[in-house]
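Enquirer: Below are the sequence and a predicted model; questions follow.
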2 protein chains.
Amino acid sequence: MAQPNADPSSIDFAALNLLRVVHELGSFTAAAEKLNVNQSAVSYTIAKLRACFHDPLFVREGGRQVSTDRCEEILARSLQMLGMLDEMLQPDAFEPGSATQNVTIACNYYERVLLIPALVSAIRREAPGMTVKVINALGDGHLRLLNREADVLIGPFARSESGFHSRRLYAEEYACLMDAAHPLADTALDIDSYLCLNHVLIDYGGGWQSAYLRELEAAGHRIAPVVVAPSPAGLATLIIESDLVATVPRRLGEWNADRLKVADCPFPGRFDVSLVWAAHTNASAMHRWLRDLIWRVARR
Amino acid sequence: MAQPNADPSSIDFAALNLLRVVHELGSFTAAAEKLNVNQSAVSYTIAKLRACFHDPLFVREGGRQVSTDRCEEILARSLQMLGMLDEMLQPDAFEPGSATQNVTIACNYYERVLLIPALVSAIRREAPGMTVKVINALGDGHLRLLNREADVLIGPFARSESGFHSRRLYAEEYACLMDAAHPLADTALDIDSYLCLNHVLIDYGGGWQSAYLRELEAAGHRIAPVVVAPSPAGLATLIIESDLVATVPRRLGEWNADRLKVADCPFPGRFDVSLVWAAHTNASAMHRWLRDLIWRVARR
DNA sequence: TACCTGCTATCGAAAAATTCGATGGACGCC
DNA sequence: GGCGTCCATCGAATTTTTCGATAGCAGGTA
C-alpha cells in the first residue's frame, strides 16, 4: 500500500463527489455505503485530498466529521465543477426553431446597410422566436465582445489579440462614387486626376482611418476634402447632380448606383470584411449557428 | 490491456489538461512530448474522453488533429475548471494587515478585564481592518466553539473532549481581597479564620463552581456567604471600607489593589487559564495567527 | 504508382493507483 | 469499565494507467 498521490491534477470528479457526500453525511462510513465502496477507499481518497490541499478538511468533533473553513471553500467550487461536468456531458443543443434568445451584432454603417437586412430576414426565417439587436461597433467593437455587450462583431477588423477568433467573409476595396454626369465619369482615373477631385471625406472619428487613405498617404499624397461627413448616410443625395466624389467601399457604392457611377480608385485600399467573436462564445451552439448563418448570408 | 474507463466521474484534471494541450498543439505526439509521457498514454486518455463524451473530439484533417464543435464546448468548460482548480489550490493565506474578517472571542469577566483590553489593542495594531466581538462564555463556551459562534475560548477550561485543542496560557490561583483596613489584613489567614470571614461569594450560576470552593468542600468545609454576587463587577466598591472579604483569582484582585489588600487564601484552588479552540479551526491561517497573538498577549 | 515518413491505434507487459477485507486505536455511550 | 462505532492503516487483490513496440493509415514525394 502506498501513500495516496498528492498531485492535484490526479483529482478526479469522483473524488469531488466523494467530498460532497462526506460533507453531506458527516461520516466516512456512511459516505462509503452511499457510494457503494469500502470505507477504506473513502479514507484513501480523503487522505489524497488532504495531501493535495494541505488541510485536514474534516475533523472529528463530538462524534461527527465537521468540515474546516477551507473545506467549505473547496466544496463550493467542487459543486460548481460537478455541475459543469453535468453540462459537459449534456450536448449543447440549440434549436433555432424554438429558440427565444436575443442576438446582438456589433457593426458599423457599411454592414448595417449591406448585410444586416439580409441577415435579419434570415434569422427571422430560421428562428422566428429570436430577437436581434444591432449596436454600433465604432472603433472598439472588440471591447463590446469582451464585455459581452455583443455576440459577434462584423467589419474590417482583423483578428487582433488572442481571446478572439475571426473568420474572413469576403474581400472588399474602395471605389469612387460620383454623379453619372460627372466630367470624369467615363474615364479611368489616374493618380493626379483622382487627387484633384472635389472629395467628400467620410471621417468616422475616433482615430479610424480608411484603408485607401492609409495607402494614399503611404505613397506620399494627400487629398483636400471639400466636404467632410461623419458617415456615408445621405451620401447619394449629396453627390447626385454635383461634382463631388466620395471614395467608399465598392459594394456600398454599388448599393446606390442607380443614378451614380462607381469608378475604380487608384488607391483601392483592399481589406477584408470579417466576422469576429470572443473566445468564450466559441463553443456555444447558438453562436455557432449564428456565425454559420452570417457566413452564408455574406457569401450570397 | 483493457478499454479505458468510460465513467465520466473518473475524468481527472490531468485529462482536462491533456485535452487542452492536444487542442493547442493539434497533435497527440507533440502533446505527449510536452507532457513528458508516452504517446500511447495520450491516445489512452483521449480514448477515455471520447468514450465519456461519445464524441471523437479530434479528427484528422490535412495532417492535423482538428477539434470537433463538441470538443470546443468541452474545452471551454475544461479551461474554466482548470482555472478553478488553481484557485482551490491557493493555500489559505492570511494577511493581518489587509484582513477585514471578524474574530469572536468567548470568555468571562476575568478575561474581559485582564486580557481583552491588551488583546484588542494588539489586534487593532496588527490588523486594523478586523473587528472583534466578545461574547460571554458562561459555562458552555465549548458549545459556542462547536456552533461556530466563537473562534476561540479563553478561560479556566481544561481541554475537555476530543474535537478541541487547547493551550495553557498561565497558572492562576485564588486570593482574598479585602479592605486595607480590615482587621486581618496584615495577618496570614489560617483555615479557621478564613472560614469565619464575612464572605462575598461570586456565584456565576449555571452550575459553575470556583476551584477554591471545590478544594474547600473537598476538605469538608463550607462557608456561609454574607453577600452573593453574580460577577466580580463592582466588587471593589462593595468591599472598600467594609469588613467583607472576597475570594477571587489573584490577578483580578491585584488589578484593583489600589486601596484593597490581596492576601493569600488557605484554599488557593490553583487552575490554569487556557486558550481553547475547535478542531475545525486548527489549520486555518487566520486562527493560527489569532491564537499566537493571544498567547503573546497573555504572556506579557 | 510505389515508396517514404510521420502520426495514431492497439497490443502485451510492467508499473502505479485504487480498492478490498481485516485489524487496531480513539472515542462516545452506556 | 466495557461495548460499539468510526477512522487510519496494513498487506493483498484488483483495476487503471503507462510503457515500449508495432501495425495501419494518410499525405507527400520520387
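Expert: Ah, there it is.
Enquirer: what about the helices in chain A?
Expert: Ranges of helices in chain A, per DSSP state H, are A:13-25, A:28-34, A:39-53, A:69-89, A:109-114, A:116-126, A:141-146, A:191-195, A:211-218, A:235-239, A:250-255, A:285-299.
Enquirer: For A:His287, see how far away A:Leu19 is.
Expert: Distance, A:Leu19 to A:His287, by C-beta to C-beta, to the nearest Å: 34 Å. C-beta coordinates here come from the backbone N, C-alpha and C atoms, glycine included.
Enquirer: now swap in A:Met88 and tell me
Expert: From A:Met88 across to A:His287, the span is 17 Å (C-beta to C-beta).
Enquirer: quick one, which of those two is more surrounded?
Expert: Remark: of A:Met88 and A:His287, A:Met88 carries more neighbours, 22 against 19, as counted by other C-beta atoms under 10 Å in any protein chain shown.
Enquirer: which residues touch the more buried one?
Expert: B:Phe53, B:Glu73, B:Ile74, B:Arg77, B:Ser78 (C-beta atoms under 8 Å, 6 or more residues apart in numbering or on different chains).
Enquirer: let's see it at 10 Å
Expert: Each residue near A:Met88 by C-beta atoms under 10 Å, 6 or more residues apart in numbering or on different chains is listed here: B:8, B:11, B:16, B:52-53, B:70, B:73-78, B:81.
Enquirer: what does A:Ser193 give?
Expert: A:Pro183, A:Leu184, A:Thr187, A:Pro266.
Enquirer: quick one: contacts for the last one?
Expert: So the one you mean is A:Pro266. Contacts of A:Pro266 (C-beta under 10 Å, 6+ apart): A:174, A:176, A:188-195, A:212, A:215-216, A:219, A:221.
Enquirer: tell me which parts of the stretch 1-150 of chain A are close to DNA strand C?
Expert: A:1-2, A:4-5, A:10, A:12, A:14, A:36-41, A:44-45, A:48, A:60, A:62-63 (C-beta under 7 Å from any atom of the strand).
Enquirer: By neighbour count, which of the contacts of A:Met88 wins?
Expert: Highest neighbour count within the contacts of A:Met88, by other C-beta under 10 Å: B:Ile74, with 27 neighbours.
Enquirer: Nearest spatial neighbour of that one, chain-adjacent residues omitted?
Expert: A:Met88 (5.3 Å; C-beta to C-beta, 6 or more residues apart in numbering or on different chains).
Enquirer: separation between the one you found and DNA strand D?
Expert: According to C-beta to the nearest atom of the strand, to the nearest Å, A:Met88 and DNA strand D sit 17 Å apart.
Enquirer: and if you look at A:Pro128?
Expert: Separation of A:Pro128 from DNA strand D (C-beta to the nearest atom of the strand) stands at 40 Å.
Enquirer: And A:Val21, by the same measure?
Expert: Separation of A:Val21 from DNA strand D (C-beta to the nearest atom of the strand) stands at 12 Å.
Enquirer: residues in contact with the residue of the stretch 151-300 of chain A found nearest DNA strand D?
Expert: Nearest to DNA strand D in the stretch 151-300 of chain A, going by C-beta to the nearest atom of the strand, is A:Arg168, at a distance of 21.7 Å. Taking C-beta under 10 Å, 6+ apart, we find A:Arg168 in contact with A:Ala158, A:Arg159, A:Asp272, A:Val273, A:Ser274, A:Leu275, A:Trp295, A:Ala298.
Enquirer: correct me, but the first one touches A:Leu275?
Expert: No: counting by C-beta atoms under 10 Å, A:Leu275 is not a contact partner of A:Ala158; they are 11.7 Å apart.
Enquirer: shared neighbours of those two, anything?
Expert: With C-beta under 10 Å, 6+ apart, A:Ala158 and A:Leu275 have common neighbours A:Ser166, A:Arg168.
Enquirer: ok, those two, which is more surrounded?
Expert: Neighbour totals were compared for A:Ala158 and A:Leu275, and A:Leu275 leads with 23 against 11 (other C-beta under 10 Å).
Enquirer: A:Ala257: what's it in contact with?
Expert: Counting by C-beta under 10 Å, 6+ apart, A:Ala257 makes contact with A:Ala175, A:Leu177, A:Ala180, A:Ala236, A:Arg250.
Enquirer: no, scratch that, I was asking about A:Asp243
Expert: A:Asp243 sits in contact with A:Met178, A:Asp179, A:Ala181, A:His182, A:Pro183, A:Leu184, A:Leu197, A:Asn198, A:Val226, where contact means C-beta under 10 Å, 6+ apart.
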